[in-house]
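1. Just need the structure, nothing else, for what follows:
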Amino acid sequence: MWLLALIGEAPSDEELMDRYLAGDARALGTLYDRHARPLRAFALQQGAQRPDDVVQDAFLRVVRNASGFKGQSKFRTWLYTIGRNLCVDASRRDKFRRGPSLDAPLGGDADGPTLGERVASDAAGMDASRNTADKQFRGAFDAALEQLPDEQREVFVLRELSDLSFAEIADATKTNENTVKSRMRYALKSLREALKDFV
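-> Predicted structure coming up:
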């Protein structure tokens, strides 16, 4: 408590945007540090072939359109709207190409980690020594998540991995909040059914 009083509370995203607009370039770096990893995880779950490019392009658009940010919505909502649109655009471009299998080894090494293992490791910060049950669960979870309809998967990822509120998701996806909640309910129901052997 005394430490917070000494150094002050961390500025909000919106305060950092104000600082950036006033010429403080470090404020943008702080925003990047806060949001790059969850935005990358979101892009990956949305099927982006190059999630790091989505993050870079999203922040490039933030820089280009910073003066247009009026604070009418939260910065995080604005950023995820940009990220979502980039994913949709990429999906349209790659419409006829399938993404890699979650079970396919990365880098051509037959014994190397799979995409599903890498996602689990990146998202949860786990090391490679996870036990077999964890790997089986993660594989089943990733497969179940991939089977969800796009709208349900998007809401689930934004809520559970990116920690957006239902109102923020509704704003980012330009959807009614009740529709967002309904999609989340259906996603959870489908995931529970698909993973019933693990609980």
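2. can you pull the pLDDT of the spatially closest residue to Thr30 that is not a sequence neighbour?
-> With CB to CB, 6 or more residues apart in numbering as the criterion, Thr30 has its nearest non-adjacent residue at 5.5 Å, and that residue is Leu16. From N, CA and C alone the C-beta is placed, and that goes for glycine too. pLDDT for Leu16: 94.
3. which residues touch Leu16?
-> Leu16 is in contact with Ala27, Leu28, Thr30, Leu31, Phe75, counting by CB atoms under 8 Å, 6 or more residues apart in numbering.
4. and those, which of them are in helices?
-> Using DSSP state H, Ala27, Leu28, Thr30, Leu31, Phe75 are the members of the contacts of Leu16 that sit in helices.
5. ok, so of those residues, who is nearest Ser162?
-> Phe75 (13.2 Å; CB to CB).
6. so what's the spatially most central residue of the chain up against?
-> Residue closest to the average C-alpha location in the chain (CA atoms, centre = their mean): Phe42, at 1.9 Å. Residues in contact with Phe42 (CB under 8 Å, 6+ apart) are Tyr80, Gly83, Arg84, Cys87, Val157, Leu158, Leu161, Ser162.
7. re the thing from before, most neighbours out of the ones in helices among the contacts of Leu16, which is it?
-> Leu31 (21 neighbours; other CB atoms under 10 Å).
8. any idea how far that residue lies from Glu151?
-> From Leu31 across to Glu151, the span is 28 Å (CB to CB, to the nearest Å).
9. just Asp142 next, same as before
-> Distance from Asp142 to Glu151, by CB to CB: 18 Å.
10. just for this protein, where's the confidence low?
-> 1-8, 94-133, 198-199 (pLDDT under 70).
11. hmm, try it at 50
-> 1-6, 96-102, 119-120, 122-123, 125-130 (pLDDT under 50).
12. now the helices for it?
-> 2-7, 13-21, 25-45, 51-64, 75-93, 115-124, 132-147, 150-156, 166-173, 177-194.
13. what comes up buried for the second one?
-> For helix 13-21, burial by neighbour count (16 or more other CB atoms under 10 Å) applies to Asp13, Leu16, Met17, Arg19, Tyr20.
14. Now tabulate those residues in JSON lines and tack on distance to Val62.
-> Listed next are those as JSON lines, based on distance: CB to CB, whole Å:
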{"residue": "Asp13", "distance to Val62": "11"}
{"residue": "Leu16", "distance to Val62": "11"}
{"residue": "Met17", "distance to Val62": "8"}
{"residue": "Arg19", "distance to Val62": "14"}
{"residue": "Tyr20", "distance to Val62": "9"}
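15. ok, so of these, who is nearest Ala194?
-> Asp13 (34.7 Å).
16. Could you count how many residues lie near Leu60?
-> Using other CB under 10 Å, Leu60 has 11 other residues around it.
17. my bad, Thr173
-> Other residues close to Thr173 by other CB under 10 Å number 20.
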